[in-house]
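*Asks:* A structural model of the following input is requested.
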Amino acid sequence: MKLICLLLLFSIFIFLPSHSLSQLSSIEYLIEGRNSLKVGNFQKAEEYLTKALQEFKEIGDYILFWRAKAYKKMNKYEEALKDINDLKKNYSKSPILKDAKKEEIELVKILNLPELEKLYECFINEYPEEIKIKFDYAVYLKERGNLSKAKKIFKDIFITASPLAETAERELSERDITLNDLIKRAKALNNAYHFKKAEDYLRKILTNYDNSQKNEVLSLLGYSLFMQKKYTEAAEIFKKSGDNYWRARALLRSKNYEAFAKELSSYINSGDQRFSEVLINYANIQRRIGEPEKALKILKIVLDKYPHAREEALWFLAWNYYLNKDIEKAGKIFQELYNSYGKLKYLYWLEKVKEINGVVQAKNQTVSFQPGDIYSYLLYIKGRIANIPEGVPTNYSINYSSISSKRVDILVRAGFKEEVIKEIKELLKENRSMEKIPEFSKILYEMGDYPTSVRLISKIPDRFKFSELLYPQAYRNIVLNVSERLGINPYLIFAVMREESRFDLFARSPAGALGLMQLMPETAKREGKKIGVAFKNDSELFEVEKNILIGSFYLKKLIDEFGNKVIAIAAYNAGEKAVSSWLKENSYGDIDEFIEDIPFSETKGYVQKVLTSYFEYLRINKAITKETILKVIKTKGGKS
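*Replies:* Numbers count the residues shown, from 1 in each chain. Now for the predicted structure:
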């Protein structure tokens, strides 16, 4: 009987899962400790993290920080504070040092220790950008009767564009806020794209102050109005401030060409080199409203008066000749530009001129393909580039320990993506070597930090060797699902996301466009309803799937509406009404002429970038052919 019992016990031992009897591995203790903290099992978190700390001293700063949080939740404030102090002492270069010091302030506040004021002072001196802590310190000082020091800090917060600035303002009297404070506040708001708020403060200054800084205030007000597209009013304000450059820009935006023409000679004689771009813009406007001779005259003035703008002026001179059918003069300037600057853009339009003149290109006169250049693809369909090389992904494994000792290696094994990203960004501050950038970029890509990965790899000269990093398929599964649902090419979705936001989930434009595909909230609400996607708060546009679905639906709608990818891309950026008016007012032979003649420089650049990214995605994924390019480029645009 005893033998049978022993055999039974032995069989139980053999067939039980190993984890039921053996201890967790060190890495499992680390993972379970972090997970326990997240789900609120603080006792288990403290137990597991304590065991993990013995093994992973290399990342002790993270473990101490997490354990301190567990202790804090269990009201073990002294133990928590000890962990934070150990972190500060032993990991002085930790990327989470700032977070640890914030936690330290909270703990010292709870324990009501006398060093709190000193900690506040040290923190805001070291991290002046941390407005929340600064505000808390001001409140702390106010509660203890140190009103003068509190007001000084409240004022420092007031002159920022922080959400806490308005709360800080309520802590101040009108006598506490000086004219310079109001001006600083308005500047900060303008810089943060809060133009309407800036306008309100600037009007308050003009109403309530008789000051020697009136011209500065007017210039700031003019800028805030300009950025709100209140161009007529902005032009008048700039006139009062004497800022002729911005007045000229506002007059053109408001289409007050008569006033601009009257002041043209004063702009030219001012000596301000910035007027070269304004004059070129005016020349293009003159050509569009049917005054080609005036346009040519202005461009020749730019050539004469502004040597630094010679290339741009020559280009638009040639472009004016081309559109006016003076092909011979256009061709000569295109040739001059190509000889002087060697850009494929000039070669492409030189080829167009030759094509119009019936000149057959010799087969052996080809140029090399340049990745990332839209004109490489255009020249390919003209025969001047013999072939487009396939994009070959650079496959390589990363030795994490060779990059950063064991820290990144441990964090990667544990699957702690946010911490890995922090580590890489910290390493980038210390290591500027170009050789390491692909490895750093690859890690960031694998951890899902696509914006930093793309920006990083874009910095190196041989970036196109790392095509899968330069043109990543971020959020691939979501994009493929949306692509299949809507019937839109997934590579076009990737291309739009890349150029709109560089895959930044939380991207926000000066105009208020949000998220991966930079959707205006009003547009998103309107288009979202059509596919059953409703949202109450604009912040929902930072959700990956929602943003991609609505943005792709809107893009597909524009493609169907205009019957052309290029025009749809332009409309996605500039709006349907603007693009429709361009097509109505102009007659283009091929779509390449439409691309080159887009009136808004931002939209023109955007269209070219999206098309380039689209073709690059196709090339990298072995889906590029002459036919696929021709389907996009060779469609007629403009008046029939």
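
*Asks:* and the residue sitting nearest the centre point of the chain, how far from residue 525?
*Replies:* Nearest to the mean C-alpha position of the chain, counting by CA atoms, centre = their mean, stands residue 501 at 4.6 Å. Computed as CB to CB, to the nearest Å, the residue 501 to residue 525 distance reads 19 Å. Quick note: C-beta positions are derived from backbone N, CA and C, even for glycine.

*Asks:* on that earlier part again, I figured the residue nearest to the centre of the chain hits residue 516, correct?
*Replies:* Yes - using CB atoms under 8 Å, residue 501 is in contact with residue 516, at 5.2 Å.

*Asks:* any common contacting residues for those two?
*Replies:* residue 507 (CB atoms under 8 Å, 6 or more residues apart in numbering).

*Asks:* which stretches of the stretch 451-600 of the chain form helices?
*Replies:* Using DSSP state H, counting those that start in this stretch, the helices found in the stretch 451-600 of the chain span residues 467-470, 476-486, 490-501, 521-530, 544-562, 565-574, 576-585, 591-596.

*Asks:* find the residue closest to the residue nearest to the centre of the chain in space, skipping its chain neighbours.
*Replies:* residue 507 (3.7 Å; CB to CB, 6 or more residues apart in numbering).

*Asks:* ok, residue 371 to residue 223 distance?
*Replies:* From residue 371 to residue 223 the distance is 38 Å (CB to CB).

*Asks:* quick one: which of those two has more around it?
*Replies:* Between residue 371 and residue 223, residue 223 has the larger neighbour count (other CB atoms under 10 Å), namely 24 against 20.

*Asks:* so who does that one touch?
*Replies:* By CB under 8 Å, 6+ apart, the neighbours of residue 223 are 190, 234, 246.

*Asks:* next helix or strand past whichever strand or helix holds it?
*Replies:* Following DSSP states H and E, one finds residue 223 within helix 214-227. Per DSSP H and E, helix 214-227 leads on to helix 231-241 as the next helix or strand towards the C-terminus.

*Asks:* give me the angle between that following helix and helix 214-227.
*Replies:* Put simply, helix 231-241 runs at 170 degrees to helix 214-227, going by axes from the mean of the first three to the mean of the last three CA atoms, to 10 degrees.

*Asks:* so which elements touch helix 231-241?
*Replies:* Applying 3 or more CB pairs under 8 Å, 6 or more residues apart in numbering; DSSP states H and E, one finds that helix 231-241 contacts helix 214-227, helix 244-253.

*Asks:* of all these, which one comes closest to residue 421?
*Replies:* helix 214-227 (33.0 Å; CB to CB).

*Asks:* what mean pLDDT does the closest one have?
*Replies:* When pLDDT is averaged along helix 214-227, the result is 97.

*Asks:* now stretch 335-349
*Replies:* Computed over stretch 335-349, the average pLDDT equals 97.

*Asks:* against residue 211, how distant is the closest residue to residue 209 other than its chain neighbours?
*Replies:* Excluding its sequence neighbours, the residue lying closest to residue 209 (CB to CB, 6+ apart) is residue 179, at 5.4 Å. Residue 179 sits at a distance of 6 Å from residue 211 (criterion: CB to CB).
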